[in-house]
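# Structure, please.
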Amino acid sequence: MPYATAADGAALYYETHGSGPPLLLLSGQANNHHWWDSVRAGFEAEFTTVVMDYRGTGKSDRPDTDTYSTPGFARDAMAVLDHAGIASAHVYGTSMGGRVAQWIAADHPGRVKRLVLGCTSPGARHGVERGPEVLRALTDPDQAAAHRALVELMYTPAWAARHEGPFHTLGDPSMPDHARRRHLRASARHDAWDALPCITAPTLVIHGTDDAFNPTANAPLLADRVPDARLRLVEGARHAYFEEFAHVATPLVLEFLTEAQPRD
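Numbers count the residues shown, from 1 in each chain. Alright, predicted model coming up:
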């Protein structure tokens with residue numbers, strides 16, 4: 001099994017699939033590489049996909065140390081690309097993965113060919129936070145009720161009723177409590193607002209129109225802040241737009257990633 005080594009010595013599990021130019025896929029907070037299981041094949045006719053387990057998740061190390069942050073996850077992702085021998089890649093991050101992707105593109109511009117930021121935010125200081133009713137639902141002491149609330153934030157009721165699960169977007173159940181807390185803190189402290197204008201990679205911002213988990217209003221904020229970014233909204237989609245609306249979202253992303261570069 002392939003493991004990269006982070007700067008602090010943490011082992012980072014990753015996988016590669018498909019063929020073609022590399023595409024790094026970054027999952028959401030407190031989730032492992034299985035986040036992409038249902039849609040990854042849609043990219044593998046064109047690309048070699050790279051998926052990873054963040055520190056604290058999956059098969060990666062789970063240190064109980066102050067090493068969890070979105071810039072830190074970005075450095076971990078660079079360690080994975082280095083270990084895989086990948087000099088540059090397209091980067092597609094969703095939810096917290098989109099926050100990590102912002103740092104990758106800002107801090108390592110020569111290593112990002114094209115950037116896709118999905119259902120994500122520039123951070124709380126300048127972003128739009130989820131409403132208090134969402135926070136109350138997610139912290140309901142009734143665990144079954146909190147689980148139902150999370151499913152409803154991810155998927156439309158009609159889609160969820162047709163799919164029994166397990167859903168790979170609801171968190172890695174194997175995570176220890178310390179890692180879950182550190183992931184939450186890392187995502188909550190994200191603030192890339194000042195770095196976003198430094199992004200030079202062609203960028204696509206994509207978001208569901210009905211996303212209350214990470215409010216859709218964050219999408220135009222990002223698109224306006226990243227130079228020359230494009231904005232695409234997926235009508236009727238909630239937070240897991242990339243899975244439920246894969247028939248819409250995957251072709252949009254593929255079209256963007258395979259677009260010919262303009263000639264000088």
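# what's the helix or strand for residue 91?
Per DSSP states H and E, residue 91 falls inside strand 89-94.
# what about residue 235, distance to residue 154?
The spacing between residue 235 and residue 154, counted by CB to CB, to the nearest Å, is 17 Å. Quick note: C-beta positions are derived from backbone N, CA and C, even for glycine.
# CA atoms only for the helix or strand of the chain with the lowest mean pLDDT - export them in CSV, please.
Within the chain, no helix or strand scores below helix 132-138, which has a mean of 86 by mean pLDDT, DSSP states H and E. Output of helix 132-138 as CSV, limited to C-alpha atoms (Å, rounded to 0.1, in the frame of the first residue of the first chain):
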residue,chain,number,x,y,z
PRO,A,132,-28.0,28.6,13.8
GLU,A,133,-30.8,26.1,12.9
VAL,A,134,-28.2,24.0,11.0
LEU,A,135,-25.8,24.0,14.0
ARG,A,136,-28.6,23.1,16.4
ALA,A,137,-29.6,20.1,14.2
LEU,A,138,-26.1,18.9,13.9
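# Mind checking what helix or strand follows that helix in sequence?
Next in line after helix 132-138, if elements are assigned by DSSP H and E, sits helix 143-154.
# And the contacts of that following helix?
Helix 143-154 is contacted by residues 134, 137-140, 160, 167, 169-170, 212-213, 238-240, 244 when judged by CB atoms under 8 Å, 6 or more residues apart in numbering.
# Select from those residues the one having the most neighbours.
residue 240 (32 neighbours; other CB atoms under 10 Å).
# right, and that residue touches residue 155 too?
Yes: with contact defined as CB atoms under 8 Å, residue 240 and residue 155 form a contacting pair (5.7 Å).
# Now for those two: what residues contact both?
residue 167.
# Tell me which stretches of the stretch 101-250 of the chain form helices.
Taking DSSP state H, counting those that start in this stretch, the helices of the stretch 101-250 of the chain run over residues 132-138, 143-154, 157-162, 177-188, 218-225, 241-244, 246-257.
# remind me, longest helix of the protein?
helix 70-83 (DSSP state H).
# Centre of the chain to it, how far?
14 Å (CA atoms, centre = their mean, to the nearest Å).
# helices or strands next to it in the packing?
Applying 3 or more CB pairs under 8 Å, 6 or more residues apart in numbering; DSSP states H and E, one finds that helix 70-83 makes contact with strand 3-5, strand 11-18, strand 22-26, strand 48-52, helix 96-107, helix 177-188.
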